[in-house]
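S.K.: For reference, the sequence and a predicted model appear below.
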Amino acid sequence: MSKRYAAILIALAVAVVMMFVARERKRFFTNTGVVWTTEYHITYEAARDLGDSIQQIFNQIDLSVSPYNKVSLVTSLNGNATDQVDAYVKRLLEASREVNRASGGAFDPTVMPLVNAWGFGYKNGMMPTQVQIDSILRFVGLDKVRLEGNTLVKADPRVMLDFSSIAKGMACDEIGRMLVRNGVTNWLVEIGGEVVASGLNKRGSSWTVAVDMPNEEGNDDETTHESALTLALDNEAVATSGNYRKWREEGGDKISHIIDPRTGESRVGTLLSVTVVAHDCMTADAWATACMVMGENEVKRMMQPRDDLGVMTISADTVTGNFIVWSNKAFAERVQTTTTE
């Protein structure tokens, strides 16, 4: 072999190696936008932009479980046009049943008719009478629906499903799984305040996220944010539920979008927001809503001893007008003083 030929082979080999190195070089990408009337921010370290795969997951979940999409599967299930479920509906029902049992019925995706009646759904309800609430409660409750394989069986055809309080969390988890399948180890997914994170941020430290103060000024078109504290997430998820943004006033009374599926009433009290840290975002999302329904006393009693869920509540002091903050030990251990990512 001539020296010239050998030199050419070496040069080609180096070029091939450099090509693969360049192809596999990773950097941080950020995808942002609006989905389900809320903003999302997704940051991840990868060799290429995965925005198309993210949009595909959003589209799949919307076509499956959005009650506001007229051609979604859940719309067909609610209208009794079909009784066949897909993997998303199945997963959400199973997760919902687990939280429903543990919370004493405070979390229940069959609350949709009540949400509509109170005017926070896809129908124009206003303020239902007690007679109307009692009538609707006859077909609200997870005990009135079950799965037989992939078939949804209703005890009453008027039973309707609303996964709005858990679906965003599932979407965060699904996008995280997609990122992992694509070899991503460092990522954070945030959809409307529901967050799940894995690995490290671009500075090589743990991901941190802000928890908002309950600011009622956010009840208009421009949501304002004021950070109460920051949390460090170590392959965990966080979700916040509150009644300080989505509400309206009727006859001088505050009407919240938090509906108690056990009583049918709009849940208005001194509890303003609940933040939950869990191993996955679907669980955190569901429990944040369940805790808002339960109220502060029941939350403290149930969540104080738990180490699998970190919980913080922010309540209003009706005497001083100040905020009252409570958390269990599992939540307090995650509070940081660093800036957010």
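M.R.: Arrived safely, thanks for sending. Residues are numbered from 1 along each chain as shown.
S.K.: Look up the residues forming beta bridges with Ala316.
M.R.: Beta bridges link Ala316 to Phe323, judged by DSSP bridges.
S.K.: Make sure I have this right: Leu121 is in a helix.
M.R.: Slight slip there: residue 121 is Gly, not Leu. No - residue state for Gly121 (DSSP: H, G, I helix; E, B strand; the rest coil) corresponds to coil; a helix is not indicated.
S.K.: what's the distance between it and Ala239?
M.R.: 21 Å (C-beta to C-beta, to the nearest Å). Every residue, glycine included, has its C-beta placed from N, CA and C.
S.K.: who's more crowded, the two?
M.R.: Ala239 (29 against 21; other C-beta atoms under 10 Å).
S.K.: So the residue nearest to the more buried one when sequence neighbours are not counted, which state does it fall into?
M.R.: Counting by C-beta to C-beta, 6 or more residues apart in numbering, Ala239 lies nearest to Ala284, which is 3.9 Å off, once chain neighbours are set aside. Following three-state DSSP, Ala284 is assigned to helix.
S.K.: how many other residues sit next to Ala284?
M.R.: For Ala284, using other C-beta under 10 Å, the count is 29.
S.K.: low-scoring stretches of the stretch 201-341 of the chain, by residue?
M.R.: In the predicted model, the stretch 201-341 of the chain carries pLDDT under 70 at residues 215-228, 244-255, 337-341.
S.K.: For it, just list every one of the helices.
M.R.: Along the stretch 201-341 of the chain, the segments classed as helices by DSSP state H, counting those that start in this stretch run 281-294, 296-303, 329-332.
S.K.: Next, the buried residues of the first one.
M.R.: It refers to helix 281-294. For helix 281-294, a neighbour-count test (16 or more other C-beta atoms under 10 Å) marks 281-294 as buried.
S.K.: again, but for the shortest one
M.R.: For helix 329-332, burial by neighbour count (16+ other C-beta under 10 Å) applies to 330-331.
S.K.: wait, Ser241 sits on Ala286?
M.R.: No - using C-beta atoms under 8 Å, Ser241 is not in contact with Ala286, being 9.5 Å away.
S.K.: Find the residues that touch each one of the two.
M.R.: Contact criterion C-beta atoms under 8 Å, 6 or more residues apart in numbering; residues shared by Ser241 and Ala286: Ser165.
S.K.: Dump the helices of the stretch 201-341 of the chain into JSON lines; add distance to Asn116 as well.
M.R.: Formatted as JSON lines, these follow (distance: least, C-beta to C-beta, whole Å):
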{"stretch": "helix 281-294", "distance to Asn116": "17"}
{"stretch": "helix 296-303", "distance to Asn116": "26"}
{"stretch": "helix 329-332", "distance to Asn116": "34"}
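S.K.: of all those, which lies closest to Asn186?
M.R.: Minimum separation from Asn186 across those (C-beta to C-beta) falls at helix 281-294, 17.1 Å.
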